[in-house]
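any chance you can model this:
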Amino acid sequence: MPGPSQPVFLVTDLITDILVKYEGSLPDLFREGHSAVVNGFIKPIYEEIRENEEAILRNNSKLGVSEKAGSLQCYFEATDVLAKHDEKYMPPEVANAIEKNKKLIAEEEKKSSALKTT
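Below is the predicted model:
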């Protein structure tokens with residue numbers, strides 16, 4: 001189970017969440033809900049460690065907010081975690097992906113409401 005030297009957190013683009021593991025100390029400006037730059041590798045989760053990861057997700061209320069990350073097919077092993085100083089800056093490709101995902105979510109909610117009213 002990760003200790004203080006191995007933080008575990010989620011990264012999202014509003015559609016997909018991924019569990020991130022990092023060996024080391026997170027930057028002082030690293031905060032929940034704020035942007036960060038994370039470099040590393042996507043790795044598969046093998047059956048023998050799946051139960052341990054499921055326990056982490058269940059027992060950590062901050063991670064427990066995301067059911068999408070609970071599939072545990074893979075995780076992101078971070079080699080670098082950088083907190084962004086200017087929360088208003090976002091690379092154009094990230095901003096575009098988030099806007100696209102917000103529209104998809106809104107369309108899905110609209111479809112769900114229309115189905116409920118019919």
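
point out where this protein drops to low pLDDT.
By pLDDT under 70, the weakly predicted segments of the chain are 1-5, 47-72, 85-87, 118.

where is the longest helix in the protein?
Among the elements of type helix in the chain, defined by DSSP state H, the one spanning the most residues is helix 92-117.

that one packs against which elements?
Here helix 92-117 touches no other helix or strand, going by 3 or more Cβ pairs under 8 Å, 6 or more residues apart in numbering; DSSP states H and E. The C-beta positions use only the backbone N, C-alpha and C, and glycine is treated the same way.

burial measure for residue 40, as a count.
By other Cβ atoms under 10 Å, the residues close to residue 40 number 15.

for residue 18, what are phi and psi?
Backbone torsions of residue 18, given as degrees, to the nearest 10, read phi -140, psi 140.

not counting its neighbours along the chain, what's nearest it?
Distance criterion Cβ to Cβ, 6 or more residues apart in numbering; nearest residue to residue 18, sequence neighbours excluded, is residue 76 at 5.0 Å.

host element of the one you found?
Using DSSP states H and E, residue 76 falls within strand 74-83.

isn't residue 97 right up against residue 13?
Yes: under the criterion of Cβ atoms under 8 Å, residue 97 lies in contact with residue 13, with a separation of 5.5 Å.

so between these two, which is more surrounded?
residue 97 (15 against 12).

residue contacts, the more buried one?
The contact partners of residue 97, taken as Cβ atoms under 8 Å, 6 or more residues apart in numbering, are residue 13.

10 Å instead, please
Residues near residue 97 by Cβ atoms under 10 Å, 6 or more residues apart in numbering: 13, 14, 15, 90, 91.

swap in residue 73?
By Cβ under 10 Å, 6+ apart, the neighbours of residue 73 are 18, 42, 44, 45, 50.

ok, so of the residues you listed, who is nearest residue 103?
residue 18 (21.4 Å; Cβ to Cβ).

from residue 41, how far off is that closest one?
Computed as Cβ to Cβ, to the nearest Å, the residue 18 to residue 41 distance reads 12 Å.

who touches both of the two?
Overlap between the neighbourhoods of residue 18 and residue 41 consists of 74, 75, 76, taking contacts as Cβ under 10 Å, 6+ apart.
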